[in-house]
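Asker: sequence and predicted structure below; questions after.
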Amino acid sequence: MVFFGKDQESQQLTDEERRKKRMKWTIGITAFVIFQVVQALFFILVIMKFKSPKFRVGEFDFQSLNAGTQASPSFGMTFVAPIRIKNTNWGPFKYDATTVNFVYGGVQVGQVAIPKSKANFKSTKKIDANVTLSSTNLPSSSTLGSELSSGVITLNSQGELKGKVTVMFMFKKNKNSQMNCTMAIDVSTKALKTLTCS
């Protein structure tokens with residue numbers, strides 16, 4: 001039978017404790033490194049992924065709408081256009097002043113000014129613009145007469161928003177947003193029938 005002295009037992013305990021401590025340190029360092037890698041990937045793939053904000057016009061009701069006939073085609077309308085700038089970035093989007101053009105058959109029939117401002121991070125900037133449209137500048141060869149006979153006229157809203165996204169006060173990137181919306185207007189009910197933006 002073999003007996004260990006107290007010194008041998010304490011030495012064995014000390015070696016075991018050291019081994020456990022080394023294991024804890026190894027696990028701790030490994031976990032810390034993995035956490036840092038995950039943080040870095042999240043920062044690069046999510047925070048630093050700059051996206052172009054969405055520049056759109058929302059649905060609206062007409063304040064007034066007057067339309068002619070197929071024989072005497074014309075229209076005039078007023079409404080408040082809800083312009084929306086949706087910024088999904090992790091930093092504010094500062095943009096320059098611009099305009100939104102309302103177009104019928106490739107001809108401008110109205111325009112609204114969008115002042116210089118910013119859309120905060122992960123938020124939507126809301127601008128309610130008073131719009132007045134008129135067919136006065138349309139050529140006689142336009143398809144307005146046939147559209148009026150069908151009861152629905154189609155308009156487009158177009159614009160470009162130029163600005164800069166800033167993340168963490170130091171990372172900046174220029175971003176442009178295009179508005180291209182098509183709206184079908186029911187002249188008999190004086191209401192917006194459909195609105196699609198791309």
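Answerer: That came through, no problem.
Asker: how far off centre is stretch 49-67?
Answerer: Centroid displacement of stretch 49-67 relative to its chain, using C-alpha atoms, centre = their mean, to the nearest Å, is 13 Å.
Asker: got the buried residues for stretch 134-152?
Answerer: In terms of neighbour count (16 or more other C-beta atoms under 10 Å), stretch 134-152 has its buried residues at 134, 135, 138, 142, 144, 147, 148. Just so you know, the C-beta spots here come from the backbone N, C-alpha and C atoms, and that holds for glycine as well.
Asker: just those residues: which has the poorest pLDDT?
Answerer: The member of the buried residues of stretch 134-152 with the lowest pLDDT is residue 142, at 86.
Asker: mind checking how far that residue is from residue 161?
Answerer: 29 Å (C-beta to C-beta, to the nearest Å).
Asker: now residue 24: phi and psi?
Answerer: Taking degrees, to the nearest 10, you get phi -60, psi -40 for the backbone angles of residue 24.
Asker: any idea how far residue 104 is from it?
Answerer: Distance, residue 24 to residue 104, using C-beta to C-beta: 74 Å.
Asker: what segments of this protein are helices?
Answerer: For the chain, the helices defined by DSSP state H cover 6-42, 144-150.
Asker: lowest mean pLDDT across these, which one is that?
Answerer: helix 6-42 has the lowest average pLDDT among the helices of the chain, namely a mean of 70.
Asker: quick one on the thing from earlier: and the buried residues of stretch 134-152 as TSV, adding distance to residue 157?
Answerer: Shown next, in TSV, are those (distance: C-beta to C-beta, whole Å):
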residue	distance to residue 157
134	15
135	16
138	17
142	18
144	18
147	17
148	20
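Asker: would you mind measuring from residue 92 to residue 123?
Answerer: From residue 92 to residue 123 the distance is 9 Å (C-beta to C-beta).
Asker: out of those two, which sits in the busier spot?
Answerer: Neighbour totals were compared for residue 92 and residue 123, and residue 92 leads with 20 against 14 (other C-beta atoms under 10 Å).
Asker: so what's that one up against?
Answerer: Taking C-beta atoms under 8 Å, 6 or more residues apart in numbering as the criterion, residue 92 is in contact with 118, 119, 120, 121, 165, 166.
Asker: of those residues, which is the nearest to residue 111?
Answerer: Nearest to residue 111 among the contacts of residue 92 is residue 119, at 21.5 Å by C-beta to C-beta.
Asker: now that the closest one has come up, it's in contact with residue 53, right?
Answerer: Yes. Residue 119 lies in contact with residue 53 (C-beta atoms under 8 Å); the separation is 6.0 Å.
Asker: which regions of the chain lie under the pLDDT threshold?
Answerer: 1-13, 34, 36-48 (pLDDT under 70).
Asker: recalculate using a threshold of 50.
Answerer: Residues of the chain meeting the criterion pLDDT under 50: 1-2, 45.
Asker: how about the strands in it?
Answerer: 54-57, 62-67, 75-87, 93-95, 98-104, 107-114, 117-119, 123-134, 152-167, 171-186, 191-197 (DSSP state E).
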